[in-house]
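Participant: Sequence first, then the predicted structure, then my questions.
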Amino acid sequence: MKVMLVNGSSHMHGTTMKALEEMIRIFEAEGIETEVIQLGSKPLADCLQCNACSKTGKCVFTDDGVNEFAEKAAGADGFVFATPVYYAHPSGRIFSFLDRVFYSADKSVFRFKPGASVAVARRGGTIASLDALNKYFGISQMPVAGSTYWNIVYGRTAGDAPQDGEGMQTMRNLARNMIWMMRCFEEGKKNGIPYPETESGTSTSFVR
């Protein structure tokens, strides 16, 4: 099984990565393959709602890894989206990345696969950031993985994060919960339990 983790920080070895590394340690101990997508510090275009992807199945921008992520995501069993907290909200780069991925990719890429969001901050804004990232799961039929506390780690620098004992514990339990969910879904498929039927075709539009 495989989990893809998106690091929404521009710092490759910062506080956000420390949280992810704690999860990765558990995943790898349980034989779960992991891949980290590091968004980095280069400019990342926002979604233009040009709808070119509705014809091609790919985002019109091709130079920042969005389309490559969507292709790899088809073979993943779970996802973690992690962000540093800037002014009490997720980083702009992870918003831009996820907006384009979820808008352009085929819906089956994410459907019925567990997702977890993680927020890292010096102090405030973590809950609002988790709420923002969880919305991508809610609209995509993705079960949301939780832990023994909100999926939060505190620390201003990379050296601070490991000192947040409860935060690190939360990350470990979050990884274990995701593993359990993925294995349950896999057993369900093996035993012929079908995914729920999904209705489509109805869109609310008020005629005046």
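Facilitator: Nice, thanks for sending it over.
Participant: C-alpha from now on. contacts and neighbour counts both.
Facilitator: Noted.
Participant: Quick one: distance of the longest helix anywhere in the chain to the chain centre.
Facilitator: Ranked by number of residues, the top helix in the chain under DSSP state H is helix 165-190. With Cα atoms, centre = their mean, to the nearest Å as the basis, helix 165-190 stands 14 Å off its chain's centre.
Participant: Packing partners of the lowest-mean-pLDDT helix or strand in the chain?
Facilitator: Sorted by mean pLDDT, DSSP states H and E, the helices and strands of the chain end with helix 53-56, the least confident at a mean of 93. Applying 3 or more Cα pairs under 8 Å, 6 or more residues apart in numbering; DSSP states H and E, one finds that helix 53-56 makes contact with no other helix or strand.
Participant: how about the helix or strand following it: buried residues?
Facilitator: Using DSSP states H and E, the helix or strand that follows helix 53-56 in sequence is helix 66-73. Judged by neighbour count using 16 or more other Cα atoms under 10 Å, the buried positions of helix 66-73 are 66-67, 69-70, 73.
Participant: avg pLDDT for helix 66-73?
Facilitator: The average pLDDT for helix 66-73 rounds to 95.
Participant: Any chance you could list what contacts it?
Facilitator: Residues outside helix 66-73 that contact it (Cα atoms under 8 Å, 6 or more residues apart in numbering): 4, 37, 58-59, 97, 100-101, 105, 109-110.
Participant: try 6 Å this time
Facilitator: For helix 66-73, contacts defined as Cα atoms under 6 Å, 6 or more residues apart in numbering pick out 101, 105.
Participant: Run the chain-centre distance for it.
Facilitator: Taking the mean of its C-alpha atoms, helix 66-73 sits 13 Å from the chain's own mean (Cα atoms, centre = their mean).
Participant: Repeat that for stretch 90-99.
Facilitator: The chain centroid and the centroid of stretch 90-99 are separated by 11 Å under Cα atoms, centre = their mean.
Participant: strands paired with the longest strand seen in the chain, and their directions?
Facilitator: Counting residues, the longest strand found in the chain (DSSP state E) is strand 78-86. The strands that strand 78-86 pairs with in its sheet are strand 2-7 (parallel), strand 89-90 (antiparallel), strand 115-121 (parallel) (by DSSP bridges).
Participant: What lies in contact with whichever helix or strand comes after the second one?
Facilitator: Okay, so that is strand 89-90. Using DSSP H and E, the helix or strand that follows strand 89-90 towards the C-terminus is helix 92-104. The contact list for helix 92-104 (Cα under 6 Å, 6+ apart) reads 8, 46-47, 53, 58-59, 66.
Participant: So Y149, which state does it fall into?
Facilitator: Per DSSP: H, G, I helix; E, B strand; the rest coil, the local secondary structure of Y149 is coil.
Participant: Could you find the closest non-adjacent residue to it?
Facilitator: T170 (6.1 Å; Cα to Cα, 6 or more residues apart in numbering).
Participant: Which pLDDT value goes with that neighbour?
Facilitator: For T170, pLDDT reads 98.
Participant: Perfect, I'm done here.
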